[in-house]
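1. this one's sequence-less:
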């Protein structure tokens, strides 16, 4: 007869292997955050500022666009008059006052131009097409020109562009990208979804560009125009919906250098609030990243849940069955999870004190991925009123 203890002998081994995976995963997350570059001080005014073309794709952004454009117009890079800054706002088929607001800013600031597109061309995703149109509207490239792509729901500090340029030059990068930080009043998206979300993205794309893919985030991407043209521009990613990682990886693969920088004290985004919008935004990104693959979303979702709960399960099982080594291993794994959560939360300017709840937030993110799988099955994937096809 097999004793109850013998019959469950495989459980400690399985939990031990899972916790070992948690330790490796957490260590990798912590190490990756250390490769993120801090923003540098702006260059001396004696240095001739390069031309920068800012492209703002905007679809139904009437509630936030004015703040975004005011912040861009207030950039300290160059000045009024013969300024090295030009701005193209692309009204991407908006059905609200987005176009009206953009045109009002263009009337007040000669550096701002507005172009409207009613729908993307066949085979193009909406945002990628809008950014492509924005660059085309800006005209032919100039020597030393940079392109800055920013989301309409961001607000830039006056010196952000100058700092991004200085940072790119200091680390010899051809593309730099920073996430936006939380607005003053933000939702639970930031402490609950941001840490596990960034951890999962970081397992597929590296902040220093040295992984299988290069990390970038669409909130804010600064790119040399010469490298943009070298990789074929946005036309090379016409159907992509995770276009930020795609373009960073292409720059890297064509001999360029990419870096993720910490500009969160100089740019905020309202695109992740309230919580349901943050949930939908992450869901959209991961559905896009898997090209709507239900098996992938399901597997990653259940895997995320299992990895998130492995350490607490080891603690509970070890304590209940009188296995102190397993209990200790579970506690170490839980501590590692918490440390990784705290590190990513600190980077995203979120509440670090919730780090001990890392298993809960990780499990929640697994549920988000399963929600993405369900919606992909139903064909109910959409963003800003446009259906998404893969």
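-> Okay, I see it. Here the structure is a predicted model, which is why all the values come from computation and not from measurement.
2. can you pull the contacts of the residue minimising distance to the centre of the chain?
-> Nearest residue to the geometric centre of the chain (CA atoms, centre = their mean): residue 217, 3.6 Å. Shown in contact with residue 217 (CB atoms under 8 Å, 6 or more residues apart in numbering): 177, 178, 179, 244, 260. Bear in mind the C-beta positions are built from the backbone N, C-alpha and C, glycine included.
3. and which of those residues is nearest residue 221?
-> residue 177 (4.7 Å; CB to CB).
4. surely that closest one is in contact with residue 221?
-> Yes. Between residue 177 and residue 221 a contact is recorded at 4.7 Å, counting by CB atoms under 8 Å.
5. next, show the common contact partners of those two.
-> With CB under 8 Å, 6+ apart, residue 177 and residue 221 have common neighbours 244, 248.
6. tell me where the protein is predicted with low confidence.
-> 1-8, 45-47, 79-82, 380-383, 385-390 (pLDDT under 70).
7. remind me, longest helix of it?
-> Ordering each helix of the chain by length in residues (DSSP state H) puts helix 294-321 first.
8. which elements pack onto the helix or strand just after that one?
-> Later in the chain than helix 294-321, the nearest helix or strand by DSSP states H and E is helix 324-347. Contacts defined by 3 or more CB pairs under 8 Å, 6 or more residues apart in numbering; DSSP states H and E place helix 324-347 against helix 10-33, helix 194-202, helix 294-321, helix 358-378.
9. quick check: which of these is nearest to residue 240?
-> Among those, helix 194-202 sits nearest to residue 240 (CB to CB), with 15.3 Å.
10. show me where the chain has strands.
-> Applying DSSP state E to the chain gives strands spanning 37-38, 52-58, 85-92, 112-117, 146-150, 154-156, 175-177, 205-206, 213-214, 220-224, 258-262, 267-269, 382-383, 386-387.
11. can you put these in TSV and add mean neighbour count and distance to residue 163?
-> Output for the strands of the chain, formatted as TSV (neighbours: other CB atoms under 10 Å; distance: least, CB to CB, whole Å):
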stretch	mean neighbour count	distance to residue 163
strand 37-38	14	10
strand 52-58	25	13
strand 85-92	26	15
strand 112-117	19	22
strand 146-150	25	12
strand 154-156	23	10
strand 175-177	27	10
strand 205-206	22	22
strand 213-214	24	21
strand 220-224	24	10
strand 258-262	25	9
strand 267-269	23	10
strand 382-383	16	30
strand 386-387	12	34
